[in-house]
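K.L.:
just coords:
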């Protein structure tokens, strides 16, 4: 097959690799472009390490937050026994940091999932149905967008009560209009294409057109937005945890770790505040780098 592709390429005066690429799937081409980007590879390494830590930490080390503290060892600086020192209750910072990664990832995945499923379906229906359905759905999305994202999340958690589940719901609600507007704009663009007109003339049902023909062609920007949203969700969850509205003590959570120990920074205990802050920064950075790489890899205009 490759020999025939090379022959065709020479006959029409095209680069050989151009003709060979035509025999690969679009997703294979996108993957090749993704792994060729240095920033995307760095993002995948960061996310891979985060996933390994979150998955393997409970298996390697059993953590009981109720018996973790030791007041005799409070605010100990980094040492062989405690690599990153201990916090104000004598708890090992590394242990809490590692086990806290699970909660940040769970919040990010579930929150983005809520926004993607609800917002994506509503946006697709609005863009495809049009008329009164579109007006009702999008005006509801405009009402949600009228509130600042963090203030809306704080209000939802304040009404429902603090906790991890309510944090995921609050951040998920914030994401709903983002995915709804994105899905609607992509559907409006896709349904004007000729292949949709041909499917309509062939008697294909509207529901099948929406999910069989339009949905696969609007997945690229939705995947990119979902990846970028994971970083934002982790950041917002940490913000709610810092305010005492996220995961409740004594369970470890990066935002709560910052809230518990920031006051000790003035006493020189830098090890209680910098590690969770760096963990949040690296997590958000990893998902943002991967999202930027996916945007470049999935954009057909960048294909060569």
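P.N.:
Received it, and whenever you're ready, just let me know what you need. Everything numeric in this text was worked out from a predicted model, so none of it was measured.
K.L.:
which stretches of the stretch 101-250 of the chain form helices?
P.N.:
Taking DSSP state H, counting those that start in this stretch as the criterion, the stretch 101-250 of the chain contains helices spanning 120-129, 131-145, 149-160, 164-190, 194-201, 206-208, 219-242.
K.L.:
Nearest to residue 51 among the ones you listed would be which one?
P.N.:
Nearest of the helices of the stretch 101-250 of the chain to residue 51, taken as Cβ to Cβ: helix 219-242 at 11.5 Å. In this view, the C-beta of every residue, glycine as well, is placed from N, C-alpha and C.
K.L.:
Could you pull up the mean pLDDT of that closest one?
P.N.:
On average, the pLDDT along helix 219-242 is 91.
K.L.:
switch to numbering from 48
P.N.:
Sounds good: first residue 48 from here, last item helix 266-289.
K.L.:
and it, what other elements does it pack with?
P.N.:
Using 3 or more Cβ pairs under 8 Å, 6 or more residues apart in numbering; DSSP states H and E as the contact criterion, the secondary-structure elements in contact with helix 266-289 are helix 140-161, helix 196-207, helix 211-237, helix 301-308, helix 321-345.
K.L.:
quick one, the first one and helix 301-308 angle?
P.N.:
Read that as helix 140-161. Orientation note: helix 140-161 sits at an angle of 140 degrees relative to helix 301-308 (axes from the mean of the first three to the mean of the last three Cα atoms, to 10 degrees).
K.L.:
For residue 267, give its distance to residue 298.
P.N.:
Using Cβ to Cβ, to the nearest Å, one gets 37 Å for the distance from residue 267 to residue 298.
K.L.:
Least confident of the helices and strands packed on helix 266-289, on average?
P.N.:
Ranked by mean pLDDT, the helices and strands packed on helix 266-289 bottom out at helix 301-308, with a mean of 87.
K.L.:
which outside residues touch that helix?
P.N.:
Helix 301-308 is touched from outside by 134-135, 140, 143-144, 147-148, 150-151, 284-291, 293-296, 316, 319-320, 323-324, 326-327, with contacts defined as Cβ atoms under 8 Å, 6 or more residues apart in numbering.
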